[in-house]
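Asks: Return atomic coordinates for the entry below.
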Amino acid sequence: MVVQKSPIDGAMLRKVAGELATGVTVVTTTVNGRFHGCTANAVTSVSLEPPLVMVCLAQTASTHPMISAAGVFAVNILPDTAAAKDICTTFAGKRDDKFSGITCHPGPTGAPLLTGTVGWFDCTIETTHDLGDHTAFIGRVVAAEQQGGCPLVFHRGQFHSLAN
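Replies: Numbers count the residues shown, from 1 in each chain. The predicted structure follows:
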């Protein structure tokens with residue numbers, strides 16, 4: 001059987017991809033003492049040995065060149081709280097002052113770790129791969145912490161809870 005391939009409409013791809021329930025994270029880094037970050041849900045564990053995680057960011061994201069320049073990033077896993085939903089929205093935006101009012105501290109790599117997350121990974125860049133309009137940053141985990149609680153989940157364009 002021959003399957004005809006045709007270009008997939010971007011709206012359809014987005015609609016089908018929305019069926020994938022994902023965790024909600026804020027990916028952070030620091031360059032010249034200034035913190036940078038963005039919301040990301042294209043995050044996954046890649047390997048236990050060596051310990052690797054992957055973050056895929058749009059090449060147009062303002063945080064993208066900052067992570068490339070720094071060579072480090074942290075993945076902050078947001079909890080299922082109203083405050084975390086606000087943080088998600090803030091870091092998804094284009095504001096320059098995303099860290100205003102956010103409590104955080106530098107992790108071992110210097111990347112900011114947000115207070116009140118359910119967990120985090122602190123990583124050095126192992127390798128990168130340009131894939132279409134995104135870059136996959138593969139990070140070697142140098143430190144991690146599980147802090148407990150339920151994670152914030154995103155599905156079909158909305159936040160959902162695993163608490164029930």
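
Asks: Any idea what the spatially most central residue of the chain is bridged to?
Replies: Closest residue to the average C-alpha location of the chain: residue 40 at 3.2 Å, with CA atoms, centre = their mean. Bridge pairing for residue 40 (DSSP bridges) gives the partners residue 25.

Asks: so it touches residue 25, yeah?
Replies: Yes - Residue 40 lies in contact with residue 25 (CB atoms under 8 Å); the separation is 5.3 Å. Placement of C-beta: from N, CA and C, glycine included.

Asks: which residues do these two both contact?
Replies: Common contact partners of residue 40 and residue 25 (CB atoms under 8 Å, 6 or more residues apart in numbering): 55, 75.

Asks: helices and strands around the longest helix anywhere in the chain, which ones?
Replies: Ranked by residue count, the top helix of the chain under DSSP state H comes out as helix 82-92. Packing partners of helix 82-92 (3 or more CB pairs under 8 Å, 6 or more residues apart in numbering; DSSP states H and E): strand 25-31, strand 34-40.

Asks: repeat that with 7 Å
Replies: Packing partners of helix 82-92 (3 or more CB pairs under 7 Å, 6 or more residues apart in numbering; DSSP states H and E): strand 34-40.

Asks: Contacts for the strand it packs on next, please.
Replies: Residues from elsewhere that reach strand 34-40 (CB atoms under 7 Å, 6 or more residues apart in numbering): 24-29, 55, 57, 61, 63, 66, 88, 91-92, 98-99, 112.
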